[in-house]
Each structure stands twice: as C-alpha cells, then as structure tokens.
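[1] make a model of this:
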Amino acid sequence: MPRIYIETYGCQMNVADSELMLGVLGREGFVRTDDPAQADVVLVNTCAVRDHAEQKVLSRMGELKRLKRPGGVLGVVGCMAQRLGPRLLERVPQVDLVVGPDGYRGLPELIARARAGERATEVEFKSWEHYEDVPPVRGTQISAFVTVQRGCDYRCTFCIVPMTRGPERSRKLEDVVREVTDLASGGTTEVTLLGQTVNSYDDGTHDFAHLLRAVGRIAGVRRVRFTSPYPTDFTERAVAAMAETPAVCEHVHLPVQSGSSRVLKRMLRRYDRDRYLEVVAALRNAVPGIALTTDIIVGFPGETEDDFRDTLALVALVAFDDAYTFKYSPREGTPATRLKDPVPDAVAGERLERLVAAVRDIARRTNVALVGSAHEVLVEGRAKRGDLLQGRTRTNKIALFPGPDAWIGGYRDVRFTGTTGSTFTAVPLDELAVVG
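    I've put the predicted structure just below:
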C-alpha cells in the first residue's frame, strides 16, 4: 500500500484540511507515515497569509525534494498552492502537483496522473464543496477541529484569504451536529468549530447562535471552542448563546489588527476602535472571567507613531491574555499593496518589539494574579519537556503538572503554583489532599 506523508503549516483550518486529505487518501488504500523519507507521496499543506510562511515552505521543499523516492510524488497543497497555482511548478521543478483547498477530493486521481509523469494543477474554487462524505483521519480523539464554514466574503485590504479560500459558505447545521455526535460517541469531549469568520455562520436557516446551542447540547460534549470570529459578527443572539450554553468555553480569540480607527479604516475592517471596545464589553458582561486573545499588525501602510500609540493604549485597556503580533506583510494582489506611505521595515520592527513587550507584561501580570487559583484542565498529553503532563483550562491557559499517562484525555482539577509568564506549573488537587 502506498505511504503518504503530510506536513502542515499555518492555522487550525490547515490542520483540519490535512486530516481531511488523510481521509480522502485513506479510502484509496494510502497509509500514513511520519517519515518523509519512507513516503511514496509527500504533500506540504501550506499557508499564504504572510511572505515568511511561504519562504519557509519553499526552503522546506528544497529539503524534501532530496528525499523524493524513485517514482515518488511531491505535492504542494493548501493556500500557497491556490495563490501561486502553476507558477509553483515553474519555481520548484521537482514538484509534481499543486492543489488548492477545494481540490482535495481529486487527490487520488491527481497523484495517479503525477505518477504517470504528468505535472498536475487543481486550483478551481467549488462553492458547493464541504467534503461531507469524507470522514477526516484525526490524530487524537481527545479534542477535534470541526470545520463549519469555508471561505471569506470580507475584503480586508491586507488579507489574501478570500483569494486562497474562495467565497464564504456554511455547512448545514444538521451535518455539523451529526459529525460532532459521531466524535462524542468515539470519546471526544472537546470540539473547536472552525471558520474564516466563524461567527458569521449562516446555513440559510440557522445562525451562529443556533450552532453554538446545538453543538453545546450534544451528549458527551463537555467543551466547545470556536475560531476565528469577526468582532462585529457577535450579535446579541450569539453572545447570549455563549453565556447560556455551559459547554462553550470562556475564551474568545478576537482579532483587532490595530487600535487606531484611522488604520482600521484603511484596512477596510468593519469596525472602529470604539465599536471593538463595545464588543469587548458585551462579551465580558455576558461571560464573567472570559479570556480574550487577539491578532495585531504593526507597520501597516500609513501607520504613524500616534496610530501605533493608539494600539498600545488599546492593548493596555483591554488587557489581552495574549496576542499574536506581526509586522505587515505585503501580499500580491491585495489592495494594501497599492496604498501609499509604506512604513520602513526598521520602524515596523521597532514597533513590533515594543508591542510584544507590552503584551507580555500584561499577560505576565494577569497570570501572576492567577497563581494559587484552582482550575479544571483537559489533560492533552505529555509536555514537550520534562516528565510532566500538559493540560488546558477552559480559558485556554496551559498548565504543566505531574501525573500518570492514564489521566490523558480526561479532566483533572489543579491548582496553579507558579507561572513563566505564559504557562503555569500546577499540582493536582487530589494530590494536595493526600499530602495534606
């Protein structure tokens, strides 16, 4: 049986898509391997959000092509494949196929054609494609990503996603419920609902509030997460559903991108600073103790020092639990590349350093205040370092603590004993009771 190796870059959606590809190919007799040198087919699932991500993939392709076996197939799939299409075949002669996110159903045929010597490309958008009949092959039963929406209709001037993922479309609620029910029957207790703007979910009959309530009441589902929402798509109904559905976790990743209304307008975001803060207030009023994380871009064309100070001030005002911070990365074909007043790279780099320092300082102070408090964690597995388990709270905090492998996949109550500023050390409460 042919062996398949998939290497994944980028967001949770790409992780879910890799699981989907394994499902497509598994039905055709392919067997997964974790060693690219032993694979008959190597696929690199790519991200195109920033230039750095694409350069990393191109560098990795240089390594993988040396491992290519006689008669083997090397393919690039995902967002970078969609963006570059046949140009990738020209840039990397050893690449045999290029497949975008809507072309995974055709992978078996495309691989067969590549084996026959044809270099194949499939980057057509398919507005009907949800892969409903393809069971993903997931790496773990503990927690699962469930794609509920594909594509994006928004046109933020910096963003390449509408060009790599196509138009927005939502799965039918009953199809999502069926998939999550099957997961729960197999022992999965936590699901993360995925979409490019997940809270704009609308299947024609049901909205995001319906979705949260429906998934949250499925027997066996103990935690429901979702990412990534769009700030102004949090309707009153959606916020109420979050507050009234016990399984929905007290954490929202709420991308702001900038704290300056002037920059947000140039980004073509559908809110200004004040409206974003209104959404923050609504979430905190409805869900006490909610943790908020965000995405922030610095160095967007035309960003002044005053604009950047507005971002720093918003970070301090909201007191985010964490933030993913980036320098603006021009993407070919996006409107932002035509904007005037580019910010020098050195200036953008210096602003990024200041922003990272501010975010870390706030996160550290927030986390220090949590030391000594007790939390329920889902035990996800062994930590990467040391002989400790890793668990995650409902507010998305990571805790490391001692315990046996038998705890993996279950829930434990722990008390935080210390913090590095980003993660926590902890002890199980039952262990404290024994010691006491």
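
[2] measure stretch 111-125 end to end?
    The separation between the terminal residues of stretch 111-125, taken as CA to CA, to the nearest Å, is 19 Å.

[3] typo on my end, stretch 134-147
    Stretch 134-147 has its terminal residues 12 Å apart, counting by CA to CA.

[4] Gly23 is in contact with Val137, correct?
    Yes - at 5.0 Å, Val137 and Gly23 qualify as touching, with contact defined as CB atoms under 8 Å. Glycine gets a C-beta too; all of them are placed from N, C-alpha and C.

[5] quick one: buried residues of the strand or helix carrying Asp306?
    The secondary structure element spanning Asp306 is helix 305-318 (assigned by DSSP states H and E). By 16 or more other CB atoms under 10 Å, the buried positions in helix 305-318 come out as Asp307, Phe308, Asp310, Thr311, Leu312, Leu314, Val315, Val318.

[6] residue contacts, the closest residue to the second one other than its chain neighbours?
    Spelled out, it's Phe308. The shortest distance from Phe308 to any residue other than its chain neighbours is 5.2 Å, reached at Arg351 (CB to CB, 6 or more residues apart in numbering). Contacts for Arg351 (CB atoms under 8 Å, 6 or more residues apart in numbering) come out as Val298, Gly299, Glu303, Phe308.

[7] dump these into TSV; add secondary structure and pLDDT as well.
    Compiled in TSV, those are given as follows (DSSP: H, G, I helix; E, B strand; the rest coil; pLDDT from 0 to 100):
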residue	secondary structure	pLDDT
Val298	strand	98
Gly299	coil	98
Glu303	coil	98
Phe308	helix	98
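
[8] ok, of the residues you listed, which one's closest to Thr157?
    Distance to Thr157, by CB to CB, is smallest for Glu303 among the contacts of Arg351, at 12.8 Å.

[9] quick one: list the elements packing against the helix holding Asp306.
    Counting contacts by 3 or more CB pairs under 8 Å, 6 or more residues apart in numbering; DSSP states H and E, the secondary-structure elements packed against helix 305-318 are helix 261-267, helix 273-286, strand 291-298, helix 345-368.

[10] convert the C-alpha atoms of the first one to CSV, please.
    It refers to helix 261-267. Listed in CSV are the C-alpha atoms of helix 261-267, where the atom choice follows Å, rounded to 0.1, in the frame of the first residue of the first chain:
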residue,chain,number,x,y,z
SER,A,261,-9.6,53.9,13.9
ARG,A,262,-7.7,55.6,11.0
VAL,A,263,-5.7,52.4,10.3
LEU,A,264,-8.7,50.2,10.7
LYS,A,265,-10.5,52.2,8.0
ARG,A,266,-7.5,51.8,5.7
MET,A,267,-7.6,48.1,6.5
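
[11] right, and Val377 touches Ile408 too?
    No - in this structure, Val377 is not within contact of Ile408 by CB under 8 Å, at 11.5 Å.

[12] compare those two (neighbour count), which wins?
    With neighbours defined as other CB atoms under 10 Å, Val377 and Ile408 compare such that Val377 has more, 24 against 17.

[13] and among the helices and strands packed on helix 305-318, the most buried is which?
    Of these, the one with the most neighbours on average (mean count of other CB atoms under 10 Å) is strand 291-298, at a mean of 22.

[14] elements contacting it?
    Contacts of strand 291-298 with other secondary structure elements, assessed using 3+ CB pairs under 8 Å, 6+ apart, are made with strand 251-253, helix 273-286, helix 305-318, strand 322-327, helix 345-368.

[15] which residues sit against it?
    For strand 291-298, the surrounding residues in contact (CB under 8 Å, 6+ apart) are 158, 228, 250-259, 267, 280, 283-284, 308, 311, 315, 318, 320-328, 348, 351-352, 355, 395-397.

[16] now render the helices and strands packed on helix 305-318 as JSON lines, adding distance to Arg382.
    Formatted as JSON lines, the helices and strands packed on helix 305-318 follow (distance: least, CB to CB, whole Å):
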{"stretch": "helix 261-267", "distance to Arg382": "41"}
{"stretch": "helix 273-286", "distance to Arg382": "33"}
{"stretch": "strand 291-298", "distance to Arg382": "24"}
{"stretch": "helix 345-368", "distance to Arg382": "22"}
